[in-house]
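Novice: predicted model, plus sequence, below.
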Amino acid sequence: MAITALPRRLLGLLFMTVVAIIYLPIVVMAIFSFSSSRFQTLPFRVGTVEWYVRVFTDGQYSEGFLNSILLASAVAVTATAIGFACAYSLVNSRIPGKTLITLFVLAPLAVPLLLVGISLRLYFAELGIQPSLWLVWIGQVLYVLPLAVLNLRNRIAQIPKSHEEASWALGASQLRAIGDVVLPACRFALLATFILTFTFAFDEFVIAYFLTNFSITLPIKIWTTLVTGFDPTINALGTIVFLFSMTLGIAAQALFMRKDVR
C-alpha cells in the first residue's frame, strides 16, 4: 500500500508545483495592484485603489478595452456560426476522407501563433491590404475556429439522427429541421462556444500585434506599456483581465456541464 501511495503523493506534489508556478505570479500581481508604491518592492506600502481608478479613467486603456470587446464579440459570433455549419457537416456528411478533412480543419490548433501572425501579415501585405482591426478579426477567426468546430461537433454527434428524420417525415425541410431540432439541442453548447471563443480572442496578442498598426487592443496596450517602462497600472489591469477571463471560462465550462446533464 505504501508503494501505491507514493506515486499518488508525487503526482499531488507535481500538481501543486504546477499550480504554484502558474498562479503565484498572478497572486503577487494582484497584491501589488493595491500598493501605493510605483515599484514592486517590499515592504508593502499603504494600500490604494489609485491604479484601478486609472484603468477606468485613462483614455488609452478605455479605448483598448472597447476595441477588444467589440473585436472579440465579432470573432466569437463569426466563429460560432461557421463552426456550427462545419461541425454539422462533419458529423452528418458521408463524403470519403471525412477524417482527413476533420484533421485539416483542426490542424491550426497545432500551428504556433507566431507563424500564423507572420504568414497572415505577409499574405495581406502582398495583396496590398493595410493592417487594421478587420484583418485582426479575420486572423482571430482562423485562430479560434477549430475550437468552435471541436466543441460543437461533439455536441451535434450526441443528438440522435432519428430526431431530424422524424421532422423530415412530418414535412420539414432540412434547413427547418436544423432550426427546430438541432439548434435548440445545441443552445448551451452554442453559448458556451461563444463565450470560449470570445475569451480566447479577447486575450489574444500575437495575431493582433502583426495585423494592426494604430488600432490598439487591450493586450497590445499592456505590451507597449511594459516595453516603454513599467507602470503599476498594469498590475491592476492584469488583475481585472485575469478575473474577467476566468469568470468567462468558468461560465463556459458550467454551460458545457449543463449540456451534458440535459
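Specialist: Looks like it arrived, so ask away. Numbering: from 1, shown residues only.
Novice: when you work out contacts or count neighbours from here on, use the C-alpha atoms and nothing else.
Specialist: Fine.
Novice: let's check: the centremost residue of the chain is which one?
Specialist: residue 200 (1.5 Å; Cα atoms, centre = their mean).
Novice: so where does that one fall, helix or strand?
Specialist: Element membership of residue 200, judged by DSSP states H and E, is helix 187-203.
Novice: with only the CA atoms kept, save that helix in PDB.
Specialist: Output in PDB follows, covering the C-alpha atoms of helix 187-203 (Å, rounded to 0.1, in the frame of the first residue of the first chain):
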ATOM      1  CA  ARG A 187     -28.200  26.000 -27.300                       C
ATOM      2  CA  PHE A 188     -26.000  25.500 -24.300                       C
ATOM      3  CA  ALA A 189     -23.100  24.400 -26.400                       C
ATOM      4  CA  LEU A 190     -23.500  27.300 -28.800                       C
ATOM      5  CA  LEU A 191     -23.500  29.800 -25.900                       C
ATOM      6  CA  ALA A 192     -20.500  28.100 -24.300                       C
ATOM      7  CA  THR A 193     -18.700  28.100 -27.600                       C
ATOM      8  CA  PHE A 194     -19.400  31.800 -28.000                       C
ATOM      9  CA  ILE A 195     -18.000  32.500 -24.500                       C
ATOM     10  CA  LEU A 196     -15.000  30.300 -25.000                       C
ATOM     11  CA  THR A 197     -14.000  31.900 -28.400                       C
ATOM     12  CA  PHE A 198     -14.700  35.300 -27.000                       C
ATOM     13  CA  THR A 199     -12.300  34.700 -24.200                       C
ATOM     14  CA  PHE A 200      -9.500  33.400 -26.500                       C
ATOM     15  CA  ALA A 201     -10.000  36.300 -28.900                       C
ATOM     16  CA  PHE A 202     -10.100  38.900 -26.100                       C
ATOM     17  CA  ASP A 203      -6.800  37.700 -24.600                       C
END
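Novice: and that helix, what does it pack onto?
Specialist: With contacts defined as 3 or more Cα pairs under 8 Å, 6 or more residues apart in numbering; DSSP states H and E, helix 187-203 has these neighbours: helix 59-92, helix 133-157, helix 233-261.
Novice: buried set for that helix?
Specialist: 188-203 (16 or more other Cα atoms under 10 Å).
Novice: please apply the same query to stretch 103-113.
Specialist: Buried-residue list, stretch 103-113, by 16+ other Cα under 10 Å: 105, 106, 108, 113.
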